[in-house]
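A.B. asks: Here you go, sequence then predicted model.
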Amino acid sequence: MPDFADIQRAVRRIPRGKVATYGEVARGAGYPRGARQVARALSVNNVQNLPWHRVLGSGGHIRLRGEAGLLQRTLLRLEGVPFRGARVDMEQSGFRFTSSRPRGKGSRTNPQKTQSRPRSRGAGTTEKR
């Protein structure tokens, strides 16, 4: 399970006027498959000075509903983050974390899938019974 302190450190690295997705923050914290845990870590109310408003859903969507979503949009606009309709312009304001080594039990060091293939019995082999 991701460490909330790692996630919060990653969120603090997003500069003013830039945004990152939940997935990008998870990768930046070293947990490439921990996007849901990022949302959970940001929901903790006792964290001071955390720029939570700089974290968005994929494609630049604000995922918060109601007043929280309006507040997030307002804070981003105050920082000069450009919008295209309801989405943030990720090409212009998306932040990329420098690569971070994966952490935790569920992270993989080799992203390529390895598949085991059943052994074929080449042509001409016979099986004795």
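C.D. replies: Ah, there it is. Keep in mind that this is a model prediction, so the values were computed, not measured.
A.B. asks: Now do the strands in this protein.
C.D. replies: Taking DSSP state E as the test, the strands found in the chain are 20-21, 55-56, 83-84, 87-88.
A.B. asks: Can you say which of those strands is packed in most?
C.D. replies: Sort those by mean neighbour count, taking mean count of other C-beta atoms under 10 Å, and strand 55-56 sits at the top with a mean of 26. (Each C-beta comes from the backbone N, C-alpha and C, glycine too.)
A.B. asks: Other residues contacting that one?
C.D. replies: Residues from elsewhere that reach strand 55-56, judged by C-beta atoms under 8 Å, 6 or more residues apart in numbering: 11, 14, 19, 20, 21, 22, 25, 38, 42, 62, 63, 88.
A.B. asks: The fourth one bridge partners, please.
C.D. replies: Bridge pairing for residue 20 (DSSP bridges) gives the partners residue 55.
A.B. asks: Give me the pLDDT value at it.
C.D. replies: Residue 20 is assigned 97 on the pLDDT scale.
A.B. asks: check contacts around it.
C.D. replies: Residue 20 touches 14, 28, 54, 55, 56, 94, 95, 96, 97, counting by C-beta under 8 Å, 6+ apart.
A.B. asks: how far away is the third one from residue 11?
C.D. replies: When distance is defined by C-beta to C-beta, to the nearest Å, residue 54 is 7 Å away from residue 11.
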